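[1] sequence below, structure please.
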Amino acid sequence: MDSGVAMRPIEDMEAYRQHLQQFVYHSGNLMKPVFQQAKSVASARKRVVFAEGEEERVLRAVQIVVDEQLATPILVGRPDVIAKRIEKLGLRLRPDSDFAVVNTEHDPCYKDFWQSYYRIMARRGISEQMAKLEMRRRTTLIGAMLVEKGEADGMICGTVSTPHRHLHFIDQVIGKRPGANVFAALTGLVLPGRQIFLADTHVNIDPSAEQLADIAVMAAEQVRRFGIEPKVAFVSHSNFGTSDSASAQKMRRALQELRERAPQLQADGEMHGDIALDASLRTGNFDLGFEGNANVLILPNIDAANISYNFLKAAAGNNVAIGPILLGAARPVHVLTESATVRRIVNVAALLVAEASDREKDANILQS
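    Presented below is the predicted three-dimensional model:
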């Protein structure tokens with residue numbers, strides 16, 4: 001069963017923990033450093049909001065998160081519904097002890113939250129009445145406000161509806177991080193003998209060269225969190241100038257932009273996908289911007305990125321993916337998809353905690 005969550009009671013705790021470890025690390029060595037870092041963070045510094053707190057997959061994932069001490073969950077939803085579903089699923093989650101709840105029907109923070117939202121959006125077409133209504137019914141908006149106000153360290157949403165609907169509220173309340181001009185989605189795949197990351201799989205329909213360069217820089221930062229040195233390939237139907245189509249020229253400009261912004265980053269392009277992933281296929285007397293095989297693939301548009309991701313996931317990746325990982329947000333938030341499995345939710349929760357911890361460390365360094 002993909003959930004991997006034991007029903008109660010647990011008669012053999014050691015056997016359960018071994019099964020749990022196998023579940024957690026099913027994504028290969030890729031997630032091990034992330035889980036280790038997440039476990040090391042103090043519980044008060046890893047408060048993760050799960051915006052769809054009533055969803056079955058979310059509740060199963062939260063059980064693993066609690067058992068493995070990966071995060072301190074905050075569930076957005078109706079307490080009675082959450083309690084009934086925990087009972088129905090046979091989970092061992094205890095409210096207040098294992099997780100907190102933000103009640104969408106009645107919560108002490110409601111007035112403060114809708115008033116804050118109204119102040120943000122008053123000159124952007126949102127009336128006071130609409131602010132009250134939205135803050136009652138939009139769980140991603142509630143979660144974003146929790147993060148923005150420092151009541152949580154990060155948020156996971158997206159198991160219901162489309163990424164753009166969630167990004168709408170994230171952009172309104174949290175916005176983009178300094179220096180970021182675009183949101184994007186990075187998705188990792190564990191393939192036989194390698195791990196690769198693809199962008200932008202879910203957000204930008206046809207990103208510009210400048211946006212692709214921004215995405216490459218942010219993607220490289222996330223990949224390092226897995227203990228991997230990023231090697232970026234701008235992938236195209238054109239191979240080092242064999243085409244002058246608009247798409248090929250865009251990918252060449254993206255590489256130029258990246259080299260100006262992050263000259264230390266190993267990157268090259270535009271190139272064919274097989275050339276990027278198999279160094280033995282490369283010929284010619286010019287030096288590439290990286291040695292060996294690329295592990296970060298920047299694709300020209302959302303069709304190329306999303307189709308490639310889904311093909312690889314189904315054909316060679318055992319349907320195991322990491323992410324989507326949201327790039328560009330001012331705070332640690334990630335927008336999953338409706339197809340997200342329990343395993344993927346757990347992985348992203350651990351990644352979010354590691355990211356929040358890294359950001360806090362960076363902020364402390366800047367202040368000192």
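[2] only C-alpha atoms for contact and neighbour calcs from this point on.
    Fine.
[3] show me what counts as buried in stretch 290-298.
    Buried residues in stretch 290-298, defined by neighbour count with 16 or more other CA atoms under 10 Å: 290, 293-298.
[4] got the end-to-end distance for that stretch?
    15 Å (CA to CA, to the nearest Å).
[5] so for it, what's the average pLDDT?
    For stretch 290-298, mean pLDDT rounds to 94.
[6] who touches it?
    195-200, 212, 216, 219-220, 230-235, 266-268, 276-279, 305 (CA atoms under 8 Å, 6 or more residues apart in numbering).
[7] and if you look at stretch 135-150?
    Applying CA under 8 Å, 6+ apart, the external contacts of stretch 135-150 come out as 49-52, 76-77, 104-105, 110, 113-114, 117, 134, 152-155, 157, 166, 169-170, 173-174, 331.
[8] list the contacts of residue 274.
    Neighbour list for residue 274: residue 281 [criterion: CA under 8 Å, 6+ apart].
[9] that one belongs to a helix, doesn't it?
    Yes. Judged by DSSP: H, G, I helix; E, B strand; the rest coil, residue 274 forms part of a helix.
[10] tell me the pLDDT at it?
    Taking residue 274 on its own, its pLDDT is 94.
[11] mind listing the helices for the stretch 1-150 of the chain?
    For the stretch 1-150 of the chain, the helices defined by DSSP state H, counting those that start in this stretch cover 13-24, 32-40, 56-67, 79-89, 110-121, 128-137, 139-148.
[12] from the middle of its chain, how far away would stretch 167-183 be?
    14 Å (CA atoms, centre = their mean, to the nearest Å).
[13] dump that stretch to CSV, restricted to CA.
    Output of stretch 167-183 as CSV, limited to C-alpha atoms (Å, rounded to 0.1, in the frame of the first residue of the first chain):
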residue,chain,number,x,y,z
LEU,A,167,0.0,30.4,-6.4
HIS,A,168,-2.6,33.2,-6.7
PHE,A,169,-2.9,33.4,-2.9
ILE,A,170,0.8,32.7,-2.2
ASP,A,171,1.7,35.6,-4.4
GLN,A,172,-0.8,37.9,-2.8
VAL,A,173,0.3,37.2,0.8
ILE,A,174,3.9,36.0,0.7
GLY,A,175,5.2,37.2,-2.6
LYS,A,176,8.5,36.5,-4.2
ARG,A,177,11.9,36.4,-2.5
PRO,A,178,14.3,39.3,-3.0
GLY,A,179,16.0,39.0,-6.4
ALA,A,180,13.4,36.6,-7.7
ASN,A,181,11.4,37.7,-10.7
VAL,A,182,9.4,34.6,-11.2
PHE,A,183,7.8,31.5,-9.5
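[14] average pLDDT for it?
    pLDDT averaged over stretch 167-183 gives 95.
[15] stretch 208-220 now?
    Mean pLDDT, stretch 208-220: 97.
[16] who touches that stretch?
    Taking CA under 8 Å, 6+ apart as the rule, stretch 208-220 contacts 180-182, 184, 186, 199-200, 229-232, 250-251, 253-255, 257-258, 262, 296, 298, 300, 327-328.
[17] now the buried members of the residues you listed.
    For those, a burial check counting by 16+ other CA under 10 Å picks out 180, 182, 184, 186, 199-200, 230-232, 250-251, 253-255, 257-258, 296, 298, 300, 327-328.
[18] any idea how far residue 252 lies from residue 191?
    Residue 252 is 28 Å from residue 191, where distance means CA to CA.
[19] so which of the two has more stuff around it?
    Legend: neighbour count by other CA atoms under 10 Å for residue 252 and residue 191, higher for residue 252 (23 against 19).
[20] may I have stretch 327-347 exported as PDB, CA atoms only?
    Extracted C-alpha coordinates of stretch 327-347, given in PDB (Å, rounded to 0.1, in the frame of the first residue of the first chain):
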ATOM      1  CA  LEU A 327      11.100  28.200  -6.600                       C
ATOM      2  CA  GLY A 328      11.000  31.900  -6.000                       C
ATOM      3  CA  ALA A 329       8.700  32.400  -2.900                       C
ATOM      4  CA  ALA A 330       9.700  34.700  -0.100                       C
ATOM      5  CA  ARG A 331       9.000  32.000   2.500                       C
ATOM      6  CA  PRO A 332       9.300  28.200   2.400                       C
ATOM      7  CA  VAL A 333       6.100  27.000   0.700                       C
ATOM      8  CA  HIS A 334       5.500  24.200  -1.800                       C
ATOM      9  CA  VAL A 335       2.600  23.600  -4.100                       C
ATOM     10  CA  LEU A 336       2.100  19.900  -4.900                       C
ATOM     11  CA  THR A 337      -0.300  18.400  -7.400                       C
ATOM     12  CA  GLU A 338      -3.600  16.500  -7.200                       C
ATOM     13  CA  SER A 339      -1.600  13.300  -8.100                       C
ATOM     14  CA  ALA A 340       0.800  13.700  -5.100                       C
ATOM     15  CA  THR A 341       1.300  10.400  -3.200                       C
ATOM     16  CA  VAL A 342       1.700  10.100   0.500                       C
ATOM     17  CA  ARG A 343       5.400   9.500  -0.100                       C
ATOM     18  CA  ARG A 344       5.700  12.700  -2.000                       C
ATOM     19  CA  ILE A 345       4.000  14.700   0.700                       C
ATOM     20  CA  VAL A 346       6.400  13.300   3.300                       C
ATOM     21  CA  ASN A 347       9.400  14.100   1.100                       C
END
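[21] kind regards, and thank you for your time.
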